[in-house]
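1. following is a predicted model, sequence given first.
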Amino acid sequence: MSAPRSLRSSTISPSRPLRSPASAPTKRPVTPSSPVASSTSHLRSSPSPSTSSGTAAAATKLKENITVTIRFRPLSPREVNNGDEIAWYADGDYTIRNEYNPDLCYAFDRVFGPPTTTRRVYDTAAQQVVSGAMSGINGTVFAYGVTSSGKTHTMHGEQRSPGIIPLAVKDVFSIIQETPEREFLLRVSYLEIYNEVINDLLDPTGQNLRIREDSQGTYVEGIKDEVVLSPAHALSLIASGEEHRHVGSNNVNLFSSRSHTMFTLTIESSPHGKGDDGEDVTLSQLHLIDLAGSESSKTEMTGQRRKEGSSINKSLLTLGTVISKLTDTKAAHIPYRDSKLTRLLQSTLSGHGLVSLICTITPASSTSEETHNTLKFAQRCKHVEIKASRNKIMDEKSLIKKYQKEISCLQEELTQLKHGVSVSTSNQEDLADRKLQLKSVQVKPQLRLEEEEDEAKAALMGRIQRLTKLILVSTKSSLQGKASVKPDHIWRHTFGEEELAYLPDRRRENMADDNARSTVSEHSREPRDGGTSGLDEMTKDRKKNKTRGGMLGWLKLKKSDGVAGTLLTDGNQNSTNGSASSSSKCAQTKSTRRDKAATNKSFPERTVAEDLFSAAVGSGDPSLIATTIADQMDLLHEQTKILVGEVALRTSSLKRLSEQAARNPEDFHIRDQMQKLEDEISEKKNQIRALEQQMIESFGMSHTTDSLGMSQVLSKLTTQLNEKIFEHEIKSADNRILQEQLEITKSEKAEMQETIMLLRQQLDSLAERQSTYTQQQNGADESAGRNTHNRNGDELSEIYSGAGTPTSVMSLNRVFAQEETKDIKNGTTLNSQALEIENLKKENMRLIEEKDELGKLNNKLTEEASYAKELASAAAVELQNLAEEVTRLCNENAKLSK
Ligand SMILES: Nc1ncnc2c1ncn2[C@@H]1O[C@H](COP(=O)(O)OP(=O)(O)OP(=O)(O)O)[C@@H](O)[C@H]1O
């Protein structure tokens with residue numbers, strides 16, 4: 001291969017007589033020394049993803065120019081009717097010449113005459129950019145030209161003649177298939193620039209998005225970047241995006257694009273089967289751009305169309321200016337920011353990656369001037385230099401690495417979980433925390449822990465399965481030696497010829513043979529080491545599964561389990577079977593759940609998902625079944641999305657055909673095509689309805705199992721709640737009793753205090769009385785002494801006056817006796833009062849002691865009451881928590897039900 005060299009386009013002298021382009025197909029044979037061969041050789045020198053030497057070669061930046069090709073379209077019926085003549089024609093494969101001015105002639109990397117197929121245009125102008133992107137070099141292919149010159153025809157194509165975009169998508173998946181030593185992650189985004197506003201075509205809510213800039217270049221903030229799993233999936237996304245693109249009619253094109261569109265495929269790849277140690281992770285972007293056509297004064301426009309046209313022209317003018325400045329070594333400032341288009345293309349135009357410009361033109365004399373302008377633009381572009389280099393990305397920025405790491409962590413956890421050993425990864429920590437929490441609340445029965453472990457295993461497997469599905473790997477990778485195949489890389493999503501066959505034009509016929517060979521080899525291969533671990537079993541299952549042809553085969557297997565229905569491997573086949581008997585299949589699933597043995601029989605070829613399903617059935621754990629059904633719902637949803645995309649694809653083809661039919665009412669072939677498309681659309685709509693029905697039925701199942709799982713959790717929680725309520729009631733009753741005791745003691749205490757008061761009063765009054773009495777007694781003693789003395793004196797004087805008489809002696813004796821009795825009486829009273837005082841004092845002491853004891857009892861009761869109160873409030877908090885948990889679960893249940 002010759003060394004890369006830039007081809008400078010230039011006006012050249014005509015070397016041959018004028019010819020009508022339609023009748024003058026290109027004659028010069030393509031030789032290695034031809035400009036296009038040497039010009040594109042640099043693309044071929046870009047690294048093949050499969051060779052390490054390629055990597056080294058790619059590390060050196062290659063200085064080249066944009067590849068510029070010109071594509072003629074035939075004169076349109078309108079132009080023919082208008083009497084248009086041929087103004088420009090392809091003079092050989094590399095030259096374009098003006099019919100009226102033979103000196104006016106331009107050379108490009110390639111010029112395609114009107115009869116050239118898009119497939120050929122793709123092979124020459126786009127294929128190298130696509131394979132470059134697959135090896136980590138950014139690439140851009142864009143179509144430029146006046147309105148109705150054939151840009152959309154070239155980029156999107158039609159049912160019978162797919163454009164660059166579908167061909168590139170197909171090629172990308174073919175390259176993955178042919179690169180077994182690497183694994184890939186693909187994402188697509190699709191946007192339009194309409195009236196200088198960026199809209200997300202994959203997400204109708206993404207309107208007026210902003211362009212941002214980081215160290216990697218410019219990007220659109222918030223755009224939907226969807227991971228794609230198959231060509232059909234990617235194409236369905238494009239087709240549904242096309243439905244949102246702004247299209248309108250003008251006098252020259254019934255379906256004129258009113259916006260620029262940019263379809264971006266983000267490709268990440270890493271060595272296959274190397275686990276975490278692979279440094280060789282690449283990320284590149286392939287932009288496929290269909291520009292809106294520049295509109296001249298001849299294009300009739302009014303109102304909205306005029307506004308759109310001026311916006312289109314302005315951005316194309318800015319593109320032209322940017323290109324001019326890029327080729328002008330003296331230019332200090334490049335006005336990328338003057339339009340959204342140039343801003344988005346900044347990194348592309350400033351030379352970071354491969355660029356292929358396809359200029360579409362019409363030979364018609366009525367647009368000769370516009371065509372000339374296009375050629376001048378193309379010539380300027382040819383002078384723009386690019387430096388293609390292979391992007392390598394840091395591990396942490398790579399989504400594929402992130403997924404790979406997560407998958408291997410999850411697999412490790414799963415293995416550890418199976419062996420009952422705890423590992424210190426975040427998820428395992430969560431699990432351990434959960435277990436500890438549960439254990440701390442109460443010691444659970446072994447059964448419950450086992451159930452939780454099963455749940456954790458199923459959750460891990462579900463996550464692994466979902467992540468694995470996203471990483472694409474060739475079916476050929478399984479042909480590698482046993483030793484090189486790690487179990488954790490065997491589950492990667494693979495796809496086969498079925499998906500690649502989606503597109504009508506099948507170039508890579510040898511792929512089918514390769515796939516068939518790989519399938520046969522897999523069948524004949526011995527089990528790896530006869531191990532019986534779960535991973536090994538899954539590996540075997542996976543190997544068997546591959547005979548069904550990758551992801552779509554996997555989806556078909558799901559169909560056989562009656563939950564997932566149709567599959568869209570080939571846009572036209574296979575789909576009816578699934579939709580026809582959805583309900584019976586669903587019934588089959590239900591019976592499957594009842595009978596595990598029957599399940600195993602009805603799944604001779606098992607899948608990871610089906611293992612999950614069976615595991616769930618086997619364990620009888622509704623939450624596991626619910627997880628699996630959620631996966632199945634995902635799949636049904638995915639299939640529906642693909643079908644919707646296919647309907648959109650066919651609807652847009654139908655639109656274009658109807659336009660052609662309007663121009664060529666006699667063309668029965670077009671009518672046949674339209675009829676066929678209409679049939680296909682209605683068939684696919686039926687399939688969508690069937691899938692929706694299946695989803696409803698699966699949802700019913702999911703709902704039942706979800707509800708079952710939730711109701712089990714709810715009943716567990718309700719039991720716990722009841723236990724707590726009971727505990728709380730007991731504590732409340734204790735509390736009440738303690739309160740009553742406290743009240744009784746309080747009233748006793750009050751009574752006692754009253755008694756004490758009373759006794760004190762009595763004591764006081766007694767003491768008073770005693771002192772009064774003592775005073776009285778003293779006074780009485782004195783007066784009594786005096787009276788007695790007086791009376792005694794009187795009596796004595798009386799007695800003595802009658803002295804000597806016996807009566808007087810007797811009276812005297814009586815007085816003495818009386819006095820003696822009085823003294824005795826007084827003494828007795830005093831003694832009894834002292835005794836009473838003594839007793840009262842004793843009683844007082846006793847009461848004081850009793851009061852102290854009651855005080856102590858009172859304190860004790862108060863303490864107990866406050867403890868009971870604390871217990872009651874703790875129980876109330878627990879109750880509240882439980883009530884919240886129950887509410888949360890009820891809400892979740894309601895959400896799941898919805
Ligand atoms: N190479 C071709 N062979 C046959 N028909 C073609 C070719 N190129 C374009 N056409 C037809 O010409 C018409 C206009 O093409 P198309 O819509 O692709 O133009 P466009 O450049 O995208 O226009 P606009 O900028 O207005 O969107 C279509 O009917 C298309 O089928």
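-> Yep, it's here. Numbering: from 1, shown residues only.
2. which ones are touching A378?
-> With contact taken as CB atoms under 8 Å, 6 or more residues apart in numbering, A378 is in contact with S9, V68, I70, Y106, F108, Y144, L357, C359. In short, each C-beta sits where N, CA and C put it, glycine included.
3. look at the fifth one and say how many residues are nearby.
-> Going back to what we said before, that points to F108. By other CB atoms under 10 Å, 27 other residues sit near F108.
4. from the ligand, how far out is V384?
-> According to CB to the nearest ligand atom, to the nearest Å, V384 and the ligand sit 22 Å apart.
5. how many other residues sit next to that residue?
-> Close neighbours of V384, defined as other CB under 10 Å, add up to 22.
6. give me the buried entries from the contacts of A378.
-> S9, V68, I70, Y106, F108, Y144, L357, C359 (16 or more other CB atoms under 10 Å).
7. how about the residues of the protein near the ligand?
-> Applying CB under 6 Å from any ligand atom, one finds that the chain approaches the ligand through 73-74, 76, 145, 147-153, 253, 255-257, 292-293, 360.
8. of those residues, which belong to helices?
-> Under the assignment DSSP state H, the residues of the chain next to the ligand contribute K151, T152, H153 to helices.
9. among these, which one sits closest to S161?
-> H153 (7.9 Å; CB to CB).
10. can you report how many residues lie near the residue in the stretch 751-898 of the chain that the ligand sits nearest to?
-> Among all residues of the stretch 751-898 of the chain, K898 sits closest to the ligand, at 43.5 Å; criterion: CB to the nearest ligand atom. By other CB under 10 Å, the residues close to K898 number 6.
11. how far away is it from I696?
-> Remark: distance between K898 and I696 (CB to CB, to the nearest Å) = 13 Å.
12. same check on A332?
-> Distance of A332 to I696, computed by CB to CB: 64 Å.
13. per-residue pLDDT of the nearest residue to G163 once chain neighbours are set aside, please?
-> Among residues not flanking G163 along the chain, G157 sits closest, at 2.9 Å (CB to CB, 6 or more residues apart in numbering). For G157, the model assigns a pLDDT of 89.
14. wait, G157 sits on V121?
-> No: using CB atoms under 8 Å, G157 is not in contact with V121, being 10.1 Å away.
15. quick check: mean pLDDT across stretch 195-206?
-> Rounded mean pLDDT across stretch 195-206 is 91.
16. could I get the buried residue list for it?
-> N195, I198, N199, D200, L201, L202, D203, G206.
17. circling back to that earlier point, tell me the contacts of the residue nearest to G163?
-> Here G157 is in contact with T118, G163, I164, I165, P166, L167 (CB under 8 Å, 6+ apart).
18. bridge partners for it, pull those for me.
-> Assessed by DSSP bridges, G157 has beta-bridge partners P162.
19. so how far is R212 from it?
-> Distance, G157 to R212, by CB to CB: 32 Å.
20. before we move on, back to that, among the contacts of A378, which are located in strands?
-> Among these, DSSP state E puts V68, I70, Y106, Y144, L357, C359 in strands.
21. out of everything not next to it in sequence, what's closest to the second one?
-> Think I70. I70 sits nearest to V111 (CB to CB, 6+ apart), 4.6 Å away.
22. what helix or strand is the one you found on?
-> Here V111, judged by DSSP states H and E, is contained in strand 110-112.
23. got the buried residues for that strand?
-> For strand 110-112, burial by neighbour count (16+ other CB under 10 Å) applies to R110, V111, F112.
24. who's in contact with the last one?
-> This means F112. Counting by CB under 8 Å, 6+ apart, F112 has contacts T26, T69, I70, R71, F72, A90, R120, V121, T124.
25. of these - the most surrounded one?
-> Sorting the contacts of F112 by how many neighbours each has (other CB under 10 Å) puts I70 first, at 29 neighbours.
26. H260 reaches G293, doesn't it?
-> No: using CB under 8 Å, H260 is not in contact with G293; the gap is 10.0 Å.
27. common neighbours of those two, please.
-> I312.
28. the more surrounded of those two?
-> Under the criterion of other CB under 10 Å, the comparison of H260 against G293 puts G293 first, with 30 against 27.
29. model confidence for the more buried one, exactly?
-> Model confidence at G293 (pLDDT) stands at 84.
30. is it in contact with G309, as I believe?
-> No: using CB under 8 Å, G293 is not in contact with G309, being 9.3 Å away.
31. okay if I get the ones in helices among the residues of the chain next to the ligand as CSV plus pLDDT?
-> Below are those laid out as CSV (pLDDT from 0 to 100):
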residue, pLDDT
K151, 93
T152, 92
H153, 94
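32. T179 in helix, strand or coil?
-> coil (DSSP: H, G, I helix; E, B strand; the rest coil).
33. what's the burial count for it?
-> Per other CB under 10 Å, the neighbour tally for T179 reads 21.
34. for it, grab phi and psi.
-> T179 adopts backbone torsions of phi -120, psi 70, taken as degrees, to the nearest 10.
35. restricting to C-alpha, output the helix or strand containing L288 in CSV.
-> Assigned by DSSP H and E, L288 belongs to strand 282-290. This file holds the C-alpha atoms of strand 282-290, laid out as CSV (Å, rounded to 0.1, in the frame of the first residue of the first chain):
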residue,chain,number,x,y,z
THR,A,282,-11.1,2.8,24.0
LEU,A,283,-13.9,5.2,23.5
SER,A,284,-14.8,6.8,20.2
GLN,A,285,-17.7,8.4,18.6
LEU,A,286,-19.1,8.0,15.1
HIS,A,287,-21.2,10.9,13.9
LEU,A,288,-23.5,10.3,10.9
ILE,A,289,-24.9,13.7,9.8
ASP,A,290,-27.7,14.4,7.4
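36. show me what residue of the stretch 151-300 of the chain gets nearest to the ligand.
-> Closest point on the stretch 151-300 of the chain to the ligand, by CB to the nearest ligand atom, is G293, at 2.5 Å.
37. wait, doesn't D280 sit right on P271?
-> Yes: counting by CB under 8 Å, D280 does reach P271; the two are 5.5 Å apart.
38. once you drop chain neighbours, what's closest to D171?
-> V130 (5.1 Å).
39. what packs against the helix or strand where the one you found lies?
-> Counting by DSSP H and E, the element that carries V130 is helix 127-134. With contacts defined as 3 or more CB pairs under 8 Å, 6 or more residues apart in numbering; DSSP states H and E, helix 127-134 has these neighbours: helix 35-44, strand 139-144, helix 164-177, strand 260-271, strand 282-290, strand 354-361.
40. can I get the ones you listed in TSV with mean pLDDT?
-> Below are the helices and strands packed on helix 127-134 laid out as TSV (pLDDT from 0 to 100):
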stretch	mean pLDDT
helix 35-44	30
strand 139-144	93
helix 164-177	92
strand 260-271	90
strand 282-290	91
strand 354-361	94
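41. for F377, what are its contacts?
-> Taking CB under 8 Å, 6+ apart as the test, what F377 contacts is Y144, G320, I323, C359.
42. now render the residues you listed as JSON lines, adding distance to V188.
-> Below are the contacts of F377 laid out as JSON lines (distance: CB to CB, whole Å):
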{"residue": "Y144", "distance to V188": "22"}
{"residue": "G320", "distance to V188": "29"}
{"residue": "I323", "distance to V188": "27"}
{"residue": "C359", "distance to V188": "25"}
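43. what about E242, distance to I688?
-> 18 Å.
44. those two: which is more packed in?
-> Neighbour count, other CB under 10 Å: between E242 and I688, E242 has more, with 24 against 21.
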